[in-house]
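# my questions are about this predicted structure, shown below with the sequence.
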Amino acid sequence: MKIIKKAQCGSLESSDLMIYIEPSDGVKIEVESSISQLHNKEIEYLVIEELKARNIDKVYIKIHDSGAMNLTIKARLKTVLNRGIKNEDQA
Amino acid sequence: MKIKLRRTMLYIPGNNPGMLQVADIFGADSVLFDLEDSVPLSEKDAARDLVANMITYRAYENIEITVRVNPITTSCFKNDVKEIIASKNLQAIRLPKTNTPEDVSKLEELIEKCEKENGIKIGSINIHPMIETALGVENAFSIATASKRVNAITIGGQDLTADMGIAKTKTAEEILWARSRIVMAAKAAKIDVLDTVFTDINDEEGLIEETKLIKKIGFTGKAVINPRQIDPVHKVFMPTEKEIKWAKEVINAYNHGLNLGKGVIACKGKMIDPPVVKRAEKIITILDLLK
């Protein structure tokens, strides 16, 4: 699966996260969380697992987390990746 | 007598994780995750993914989960239904702008297909048609009886008045006939009937007055848009001390009369017939459910 365009999803509200993606030469992940370094690692792990599951190896992902639960992180990831792989006429 | 309390149905915007993750802590009898009016067009996909994930992985306890999908005429409708049903923990789908029984049939067909695809028992997901157009009001009974899955119907006051070309006022005389029409359709179909929202969250007195009115007309519950509105609505739907005392006296007198083999039974000088006993039993059942 290939990321073909920039996309973003989510918000800066409490319990949510903002995810931004764009095409890249490899996988690069940046996480900034208001919770803790440990939570950053957890988010990074969830992102890597999702990318592996979708066979995506060329994407830059930047995340600003405001204390989202794992199930919210997974949902936002799904949305943003789907947005990034779609042409405008598929949206 | 099988009664499931649906005094309040709390609307939760579908793209708000903070609210979705705590939906079951406010004390509403049921919650309604909204994919329609509270979600901007650009975020429909995000709300759908979020709500589906919440229903799948957040273990909501002792609460009915309903999702309001987008109307049947929109491009979001099919994806909403498919993704939400795949989450497997859904009790009902609210269908906005239901105009005809055919709308219900179309939704039912899609639900059944999705139930089969996801290994869900056929018939387990209910339908709550939302009547919010003049045409929908005129078709209320046909809509209420369009499918066995329909176990509640509901009125949408804002869209209905917009469709009628008039303004919705606080006292809402303009929708009194529509409310009564929809209640009668629900009673005839033997299903629940839920009232529209009271939009001024700071006017508790107004909310209580409106809830008293809709209870008197026959509504079994009301949609609420803020957790603060739950308690006042529940209090109105709670049987009063006087009603509880009356119900116990009626049931005791009826049982005593039956034991004595009486053909005509009276309580405090008034004849008790089966409908009166049924009403008394319903009050006691509600009390038992609230224990």
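Yep, it's here. It should be emphasised that the depicted structure is a prediction, and the values quoted were computed from it without experimental measurement.

# alpha carbons only for contacts and neighbour counts from here, please
Fine.

# spell out which parts of chain A neighbour chain B.
A:9-10, A:14-16, A:68, A:71-72, A:74-76, A:78-79 (C-alpha under 8 Å from any C-alpha of the partner chain).

# in helices, which of those appear?
Counting by DSSP state H, those place A:Leu71, A:Thr72, A:Lys74, A:Ala75, A:Arg76, A:Lys78, A:Thr79 in helices.

# ok, these vs B:Gly263, which is closest?
Nearest to B:Gly263, judged by C-alpha to C-alpha, of these is A:Leu71 at 62.2 Å.

# what sits against that closest one?
By C-alpha atoms under 8 Å, 6 or more residues apart in numbering or on different chains, A:Leu71 lies in contact with B:Asn53, B:Met54, B:Tyr57, B:Arg58.

# thought A:Met18 was touching A:Gly67, still the case?
No. The criterion here is C-alpha atoms under 8 Å, and A:Gly67 misses it with A:Met18 at 10.9 Å.

# please pull out the lowest mean pLDDT helix or strand from the chain.
The chain I'm using is chain A. Least confident helix or strand of chain A, by mean pLDDT, DSSP states H and E, is helix A:37-53 with a mean of 90.

# looking at chain B here, not the other one
Going by mean pLDDT, DSSP H and E, chain B bottoms out at strand B:265-267, a mean of 81.

# give the buried residues for that one.
By 16 or more other C-alpha atoms under 10 Å in any protein chain shown, the buried positions in strand B:265-267 come out as B:Ile265.

# just stretch B:249-262 next, same as before
For stretch B:249-262, the neighbour count (16+ other C-alpha under 10 Å) marks B:Val250, B:Ile251, B:Ala253, B:Tyr254, B:Gly257 as buried.

# just those: which are in helices?
Cross-referencing the buried residues of stretch B:249-262 against helices under DSSP H gives B:Val250, B:Ile251, B:Ala253, B:Tyr254, B:Gly257.

# hmm, back to that, packing partners of the least confident helix or strand of chain A?
Packing partners of helix A:37-53 (3 or more C-alpha pairs under 8 Å, 6 or more residues apart in numbering or on different chains; DSSP states H and E): strand A:27-33, helix A:70-85.

# which parts of chain B sit against chain A?
Going by C-alpha under 8 Å from any C-alpha, the residues of chain B near chain A are B:Asn16, B:Pro17, B:Gly18, B:Asp45, B:Ala46, B:Asp49, B:Leu50, B:Asn53, B:Met54, B:Tyr57, B:Arg58.

# quickly note the distance from the fifth one to A:Arg76.
It stands for B:Ala46. 7 Å (C-alpha to C-alpha, to the nearest Å).

# contact partners of the least confident helix or strand of chain B?
B:Glu249, B:Val250, B:Ala253, B:Tyr254, B:Gly257, B:Leu258, B:Met271, B:Ile272, B:Asp273.

# which neighbours do A:Gly67 and A:Met18 share?
Counting by C-alpha under 8 Å, 6+ apart, no residue touches both A:Gly67 and A:Met18.

# contacting residues for the residue nearest to B:Gly157 when sequence neighbours are not counted?
Ranked by C-alpha to C-alpha, 6 or more residues apart in numbering or on different chains and with sequence neighbours excluded, the top spatial neighbour of B:Gly157 is B:Thr196, at 5.6 Å. B:Thr196 sits next to B:Thr154, B:Ile155, B:Gly156, B:Gly157, B:Lys222, B:Ala223 when contact means C-alpha under 8 Å, 6+ apart.

# in space, what's closest to residue 31 - neighbours in sequence excluded?
Answering for chain A, as no chain was given. Residue nearest to A:Val31 in three dimensions, not counting chain neighbours: A:Ile63, with 4.8 Å by C-alpha to C-alpha, 6+ apart.

# could you do chain B instead?
B:Leu10 (4.6 Å).

# does that neighbour sit in a helix, a strand or a coil?
Here B:Leu10 is recorded as strand under DSSP: H, G, I helix; E, B strand; the rest coil.

# among the contacts of B:Thr196, which are in helices?
Short answer: these in helices (DSSP H) are B:Gly157.

# ok, so of the contacts of B:Thr196, who is nearest chain A?
When the contacts of B:Thr196 are ranked by distance to chain A (C-alpha to the nearest C-alpha), B:Ala223 comes first, at 25.1 Å.

# which non-adjacent residue is nearest the closest one?
In space, and not counting its chain neighbours, B:Ala223 is closest to B:Met9: 4.6 Å by C-alpha to C-alpha, 6+ apart.

# show me where chain B has its helices.
Secondary structure of chain B by DSSP H: the helices cover B:17-20, B:44-57, B:77-86, B:101-117, B:134-138, B:140-144, B:157-164, B:176-189, B:204-217, B:230-237, B:241-259, B:274-290.
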